[in-house]
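Engineer: Here's a sequence, model it:
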Amino acid sequence: MKRVKLFLLLCLAVSCSGTAGTDMPEWRWPDKEPVEVPEPHPAITELGWTNVTATYAALPDGINIYRSPETLDGQKAIAYIAVADLSKIAWDVRSIDDPAIQGTDDPLKTPSEYYAETVAPVIVNGGYFFAEGGKRYSASVAVSGGKTYGVNINYASMDWVTMYYPTRGVFYEKDGVFKTGWTYWSGGAKHYLYETPAANSWSRDPLQVPDASFPATASDFAPQTAIGGGPVLLKGGETVNSWEAELLYGDGADDKMPEARHPRTAIGVTKDGLMILFVCEGRGMTEGVAGMTFAEEAAVLKSLGCVEALNLDGGGSTCLLVEGKETVKVSDGSQRAVGSVVILKAK
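Structural biologist: Reported below is the predicted structural model:
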């Protein structure tokens, strides 16, 4: 006991560093060398994109956010991409519930309203939709957990006298495989998936109604997760840009032609298992930034390594939220309420 008391007295008289009469020890922890975090996707930064992930505090491991260079495909641009490692990150779809194009009382919601419900770290607007007669309608495929919430619209017309029956684009996952394709919902139990679209064109007479063998041998469309839109931009690593066959933007109005530049939204996947959500600003929300054509959008996604890619609803609907914060300026001046969104979240 005496030895313990003696030791305590010595500690009071002499610092634990061995120097008497000082308040703080002379030694200090050595400086830590800064840890250099390797760029997860150097092929993207080599294209001039800037990794801005550090701007966001709570993104899960496996999601990185990039801002575009000042020009893309020769045009002044403001664009963002969310890049998700699909071994760590899951994707999903939220949508109004209109599986038969009959209309629903479900409200359209802004991406911020979807964020308030899901708190998903990344949210982007989804497929096409419309409202009429007090109802809201899905005009694009929306599948979550194997349940269908929306189908691609199965008719089109310039004058509502001559009717066309286009196959329209979809991006989907089935058994862990991510692909684009074209679908046609028969209006009944049959939901067809094709590897090629029906070659419709506003400049020609309508083709026959798609079925099990036209425009090609169909398979049953039964994915775990899917989002529709159009046109398909990339398939099997090749540029497709099937806007004409899908009868998109073909009414002759200059602002609806495929060569027109607008805000765009797209989803794609690389051969290395990365999902890319893309948005670009447009319509002069930033001076000199007009947006992109379908062809320019396809070229950018291909340069980023996408082998499958689908254009989603664009224009005033284009909006990418990261941790609930907007990236590009939305062209309506405020977020548009939309029928569906794609979300990214940790597995």
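Engineer: And A337, how far from P166?
Structural biologist: Look at A337 and P166: by Cβ to Cβ, to the nearest Å, they are 26 Å apart. From N, CA and C alone the C-beta is placed, and that goes for glycine too.
Engineer: the more surrounded of the two?
Structural biologist: Taking neighbours as other Cβ atoms under 10 Å, A337 and P166 compare with P166 leading, 27 against 17.
Engineer: Hmm, that one is touching E244, no?
Structural biologist: No - in this structure, P166 is not within contact of E244 by Cβ atoms under 8 Å, at 9.9 Å.
Engineer: got any residues that touch both of the two?
Structural biologist: By Cβ atoms under 8 Å, 6 or more residues apart in numbering, P166 and E244 have these common neighbours: N200.
Engineer: any idea how far E326 is from E281?
Structural biologist: On the measure of Cβ to Cβ, E281 and E326 end up 10 Å apart.
Engineer: Between those two, point out the one with more neighbours.
Structural biologist: For E281 versus E326, neighbours defined as other Cβ under 10 Å are more numerous around E281 (25 against 15).
Engineer: need the contact list for that one.
Structural biologist: Neighbour list for E281: A77, I78, A79, P263, V289, G291, T318, V328, K329, S331 [criterion: Cβ under 8 Å, 6+ apart].
Engineer: List the contacts of the fourth one.
Structural biologist: So that's P263. Contact analysis of P263 by Cβ under 8 Å, 6+ apart lists 279-283, 291, 314-316, 318, 328, 330-331.
Engineer: Kindly recompute the last result at 6 Å.
Structural biologist: The neighbourhood of P263, defined by Cβ atoms under 6 Å, 6 or more residues apart in numbering, consists of E281, G282, G291, G314, G315, T318, S331.
Engineer: what about the second one, how many residues close to it?
Structural biologist: When you say that, I think you mean G282. 26.
Engineer: roughly how far apart are it and G62?
Structural biologist: 29 Å.
Engineer: ditto for the first one
Structural biologist: Computed with Cβ to Cβ, the distance linking E281 and G62 is 26 Å.
Engineer: now do the fifth one
Structural biologist: In this view, G315 and G62 are 30 Å apart by Cβ to Cβ.
Engineer: what's the answer for the last one, then?
Structural biologist: In this view, S331 and G62 are 30 Å apart by Cβ to Cβ.
Engineer: tell me the secondary structure for the nearest residue to S112 once chain neighbours are set aside?
Structural biologist: Spatial nearest neighbour of S112, excluding adjacent residues (Cβ to Cβ, 6 or more residues apart in numbering): Q335 at 5.9 Å. Secondary structure assignment for Q335 (DSSP: H, G, I helix; E, B strand; the rest coil): coil.
Engineer: could you list every residue that touches Q335?
Structural biologist: Applying Cβ under 6 Å, 6+ apart, the residues contacting Q335 are T110, P111, S112, C319.
Engineer: Can you give me the distance of the second one to R94?
Structural biologist: Read it as P111. 10 Å.
Engineer: who touches both of those two?
Structural biologist: Shared contacts of P111 and R94 (Cβ under 6 Å, 6+ apart): V341.
Engineer: Who has more neighbours out of the two?
Structural biologist: The neighbour count for P111 versus R94, taken as other Cβ under 10 Å, is higher for P111 (26 against 20).
Engineer: so G48 makes contact with E70?
Structural biologist: No - proximity of G48 to E70 does not meet the contact threshold set by Cβ atoms under 6 Å, at 8.3 Å.
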